[in-house]
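**Q** Everything below, folded, please.
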Amino acid sequence: METKKKTMTKAAPKAKTASEISAKVYDQSGKSKGDVKLPADIFGLSWNADLVHQVVHSMLSDRRTIFAHTKNRGQVRGGGKKPWQQKGTGRARHGSTRSPIWVGGGVAHGPNNLKNYGRKVNKKMKAKALFTVLSKKMQDGEVLFVSDISIAKPKTTDAIGILKSLASVKGYADLFTKKKNSAYIAVAEKNPAVEKSFANLGNVKVDEMRNINPVDILNMKYVVIEQPAAAVAFLERKMK
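**A** Residues are numbered from 1 along each chain as shown. I've put the predicted structure just below:
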């Protein structure tokens, strides 16, 4: 009997993911200024809800300001003397009028402003969560790269003009029309004139690139990044 030889078919090799992503760069008047290459491990990650939730929850906990505070029986004033003798009165025994069951006494298990709500998160987790949020924004077409944002003197009119110009870019019309939480503008370095010009616009937040974080980005619809080459270099240093 002749035996048929089985032919083994090799599986097709998996396609390699691109190491770089290309994005357009505009000036503050909304005109195209070329392209920028973006690393895929920063702007091309898949969504990780668990990681983002853990990091954001940790950051919000660190920002928490505690106001509620009560005093326990050892902190309230008075009550040093025993109210009555231990035995012989027919009444319940008590050692202090500052007991939680007495009027004017301390509070048992009440809130305390010394409580620490902070949660430790590793630096690499924070960086990965930031990259994940940026990647999601990039996939949704909500990241805009601007070559430079410059204003000579603090003037709200100039800031409105910049927003109008950037809103003329296809896909970013809401940048100017959205009344709340419109854009997070990450400038390369501290620029008081730019910050003061946008200060009167409640739907825009301006901050330095070194302060960019997942919480602020998620609170805004669009992310405008100035000087993308320097911004990418800064983000790459976070990976080390």
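**Q** Poorly predicted segments of this protein, please.
**A** Residue ranges of the chain with pLDDT under 70: 1-18.
**Q** what about the helices in it?
**A** Assigned by DSSP state H, the chain shows helices spanning 40-43, 49-63, 123-139, 156-167, 174-177, 192-198, 214-218, 228-238.
**Q** Would you mind telling me which of the ones you listed is nearest residue 100?
**A** Checking the helices of the chain against residue 100 by CB to CB gives helix 49-63 as the closest, at 28.6 Å. (Glycine included, C-beta is placed from N, CA and C.)
**Q** in that closest one, what counts as buried?
**A** By 16 or more other CB atoms under 10 Å, the buried positions in helix 49-63 come out as 51, 52, 54, 55, 56, 58, 59.
**Q** got the contact list for the closest residue to the second one other than its chain neighbours?
**A** If you skip the residues right next to it in sequence, residue 52 has residue 129 as its closest partner in space, 5.0 Å away by CB to CB, 6 or more residues apart in numbering. The contact partners of residue 129, by CB atoms under 8 Å, 6 or more residues apart in numbering, come to 48, 51, 52, 54, 55, 56, 214.
**Q** Can you report how many residues lie near residue 216?
**A** By other CB atoms under 10 Å, 16 other residues sit near residue 216.
**Q** dump the residue contacts of it.
**A** 184, 205, 207.
**Q** For the residues you listed, give me a markdown table that also has distance to residue 112 and neighbour count.
**A** Listed next are these as a markdown table, based on distance: CB to CB, whole Å; neighbours: other CB atoms under 10 Å:
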| residue | distance to residue 112 | neighbour count |
| --- | --- | --- |
| 184 | 35 | 23 |
| 205 | 33 | 19 |
| 207 | 33 | 15 |
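**Q** Out of those, which is nearest to residue 114?
**A** Taking CB to CB as the measure, residue 114 lies nearest residue 207 of the contacts of residue 216, at 30.6 Å.
**Q** got a list of what the residue most central in space within the chain touches?
**A** Residue closest to the mean C-alpha point of the chain, counted by CA atoms, centre = their mean, is residue 215 at 1.6 Å. Applying CB under 8 Å, 6+ apart to residue 215 gives the contacts 56, 59, 60.
**Q** Pipe those into a markdown table and attach distance to residue 156 per row.
**A** Shown next, in a markdown table, are the contacts of residue 215 (distance: CB to CB, whole Å):
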| residue | distance to residue 156 |
| --- | --- |
| 56 | 31 |
| 59 | 30 |
| 60 | 30 |
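**Q** of all the residues you listed, which comes closest to residue 158?
**A** Among the contacts of residue 215, and counting by CB to CB, the member closest to residue 158 is residue 59, at 32.3 Å.
**Q** for the helices of the chain, which one sits closest to residue 98?
**A** Residue 98 lies closest to helix 49-63 among these, at 32.7 Å (CB to CB).
**Q** follow-up on the earlier one: mind putting the helices of the chain into JSON lines with distance to residue 99?
**A** Listed next are those as JSON lines, based on distance: least, CB to CB, whole Å:
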{"stretch": "helix 40-43", "distance to residue 99": "59"}
{"stretch": "helix 49-63", "distance to residue 99": "33"}
{"stretch": "helix 123-139", "distance to residue 99": "46"}
{"stretch": "helix 156-167", "distance to residue 99": "60"}
{"stretch": "helix 174-177", "distance to residue 99": "60"}
{"stretch": "helix 192-198", "distance to residue 99": "55"}
{"stretch": "helix 214-218", "distance to residue 99": "43"}
{"stretch": "helix 228-238", "distance to residue 99": "54"}
